[in-house]
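# below are the sequence and a predicted model; questions follow.
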Amino acid sequence: MVRFRSLLLTVILAALPAWGAPSSPQHGSAQQPNTQVSPLQPVEAAQVQPYPSTTDLVNVDVMVTDDQGRIIGGLKPGNFRILDDKQPREIRYFAPPKTPMTVVILMEYSSMSYQYYAAKSAYWGSRFLDELEPEDWVALVTYDLQSKVQVDFTHNNYAVREAIAGLGFPTFRETNLFDSLVDVVERLETVRGRKAVLVVGTGVNTFSASTFDEVRRQLRKSDAIVFCVGTAEQEYVRFRGSTAGYAMTKNQLSAFAKQTGGIAYFPRFEGALPEVFSSIAALLRNAYTLAFAVPEDARDGRYHRLKVEIVGPDGKPLRVQDKQGKWHKLEVMAREGYIAPKAASGSSEGKAGSR
């Protein structure tokens, strides 16, 4: 069985397309010693719309669909109402959709289950690259015992495909999801504009210093959107049935995504991947970026709950009408809250303008 699984990994990795050479030495293969994590470099500020430099702002990326999942475009700043602990805030910055994506693919790549899930994650992760456009930024980070930047931010998704195809056999069977996610989110603090993390893996966490609650606390400080694609749904449903352990991993991935305004997907069949990845790309590409200033009396260093509402000119919830004349309610996906800065100490924690 071990020999068969190893052969399966070789076949799948060999089937991944090879492209042009990476543009820098840090796009190295995982066959090198996995002892040092290279930094994710900030995306050039000139590539995104700048925030006003005179005000510290809290960034909120908002994705809007109707109750049938259809993406809603054409909304204006006046259609958005931001409630900060139930208090309305003035929108100080607004960027419409159709701006480039900045995405980190955080991919599980361990020898767990005889490398079976590593091969699956590699193949699934490469499928997301089909959704990228030339102006999008993408980086690849893998994790087993620890995380490793395989490809830094680039417009060249061919370099990412080559890196995935050249990963070789994973060394460690540990899956350090929690620390890896915290590390990526912390590095993204220096990246301005709309940004997301795409987690591709089983959701299993076997070796982390960070706890589940600590990951959630770190996500509260970040304005990155987390999407998760679980790779183990088919195997657990088909071969093992529902187990408490697997249910916990699914709940963890779902919690990370929901807190940041993202979605967790658990496709059972490979045929669902195009729809899943196109949905993620479409949501990110059509997200609205809003920002508001925190008043002095609300700068308490505490976690604030956020709620974003879509309203019409009369201030009432906006509805849309389809071609058949049927009216639909709107659904909003956005981060659930943020850490307010402290007025006394001038802490930058939780400020979007400090990125």
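Structure received.

# check contacts around Asn286.
Counting by C-beta atoms under 8 Å, 6 or more residues apart in numbering, Asn286 touches Met63, Ile71, Gly73, Pro97, Lys98. In this view, the C-beta of every residue, glycine as well, is placed from N, C-alpha and C.

# now list the buried members of those.
Among the contacts of Asn286, the ones that count as buried by 16 or more other C-beta atoms under 10 Å are Met63, Pro97.

# rebuild the contacts of Asn286 as TSV, extending it with secondary structure, distance to Leu177 and pLDDT.
Output for those, formatted as TSV (DSSP: H, G, I helix; E, B strand; the rest coil; distance: C-beta to C-beta, whole Å; pLDDT from 0 to 100):
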residue	secondary structure	distance to Leu177	pLDDT
Met63	strand	24	97
Ile71	strand	29	93
Gly73	coil	34	90
Pro97	coil	30	87
Lys98	coil	32	76
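
# closest to Asp300 out of the contacts of Asn286?
The nearest member of those to Asp300, counting by C-beta to C-beta, is Met63 at 28.5 Å.

# report the separation between the closest one and Trp327.
From Met63 across to Trp327, the span is 21 Å (C-beta to C-beta, to the nearest Å).

# quick one: name whatever helix or strand follows the longest helix anywhere in the chain.
Looking across the chain with DSSP state H, the single longest helix is helix 244-260. Per DSSP states H and E, the first helix or strand lying C-terminal to helix 244-260 is strand 264-265.

# how about residues contacting that following strand?
Contacts with strand 264-265, where a contact means C-beta under 8 Å, 6+ apart, come from 227-230, 250, 253-254, 256-258, 276, 279-280.

# direction included, what does it pair up with?
strand 225-230 (parallel) (DSSP bridges).

# what residues sit buried inside the partner strand?
Under the neighbour-count criterion of 16+ other C-beta under 10 Å, strand 225-230 has Ile225, Val226, Phe227, Cys228, Val229, Gly230 buried.

# so the residue nearest to the spatial centre of the chain bridges to which residues?
Nearest to the geometric centre of the chain sits Val197, at 2.3 Å (C-alpha atoms, centre = their mean). Val197 has these beta-bridge partners by DSSP bridges: Val104, Val226.

# tell me how far it lies from Leu106.
Counting by C-beta to C-beta, the gap from Val197 to Leu106 is 6 Å.

# cool, and Ala118?
Distance of Ala118 to Leu106, given as C-beta to C-beta: 14 Å.

# closest to Thr175 among the buried residues of strand 225-230?
Comparing these against Thr175 with C-beta to C-beta places Gly230 closest, at 12.7 Å.

# returning to what we had before: list the contacts for the residue nearest to the centre of the chain?
Val103, Val104, Leu106, Leu181, Val184, Val185, Leu188, Ala224, Ile225, Val226, Phe227.

# count of neighbours near the nearest residue to the last one once chain neighbours are set aside?
With C-beta to C-beta, 6 or more residues apart in numbering as the criterion, Phe227 has its nearest non-adjacent residue at 4.4 Å, and that residue is Gly262. Each residue near Gly262 was counted by other C-beta atoms under 10 Å, and the total is 28.

# packing partners for whichever helix or strand Pro274 is part of?
For Pro274, the enclosing helix or strand under DSSP H and E is helix 273-285. When contacts are defined as 3 or more C-beta pairs under 8 Å, 6 or more residues apart in numbering; DSSP states H and E, helix 273-285 packs onto strand 57-66, helix 116-128, strand 225-230, strand 264-265.

# switch the cut-off to 7 Å
If you count contacts as 3 or more C-beta pairs under 7 Å, 6 or more residues apart in numbering; DSSP states H and E, helix 273-285 packs onto helix 116-128.

# which residues touch whichever helix or strand comes after the helix it packs on?
Of the helices and strands lying after helix 116-128 in sequence (DSSP H and E), the nearest is strand 137-143. With contact meaning C-beta atoms under 7 Å, 6 or more residues apart in numbering, strand 137-143 is reached by 30, 40, 43, 100, 102-109, 132, 147-155, 157, 160, 163, 176-177, 180, 184.

# any low-confidence regions in the chain?
For the chain, the stretches with pLDDT under 70 are 1-55, 237-244, 344-355.

# buried set for stretch 285-305?
285-294, 298-299, 304.

# farthest pair in these?
Using C-beta to C-beta, these span at most 33.4 Å, a distance reached by Arg285 and Arg299.

# export stretch 249-261 to CSV, keeping only CA atoms.
C-alpha atoms of stretch 249-261 as CSV (Å, rounded to 0.1, in the frame of the first residue of the first chain):
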residue,chain,number,x,y,z
THR,A,249,-11.6,20.1,11.4
LYS,A,250,-14.5,21.2,9.2
ASN,A,251,-15.8,23.4,11.9
GLN,A,252,-12.4,25.0,12.3
LEU,A,253,-12.0,25.8,8.6
SER,A,254,-15.6,27.1,8.5
ALA,A,255,-14.9,29.4,11.5
PHE,A,256,-11.8,30.8,10.1
ALA,A,257,-13.5,31.7,6.8
LYS,A,258,-16.7,33.0,8.3
GLN,A,259,-14.9,35.4,10.7
THR,A,260,-13.0,37.0,7.9
GLY,A,261,-16.0,37.2,5.5
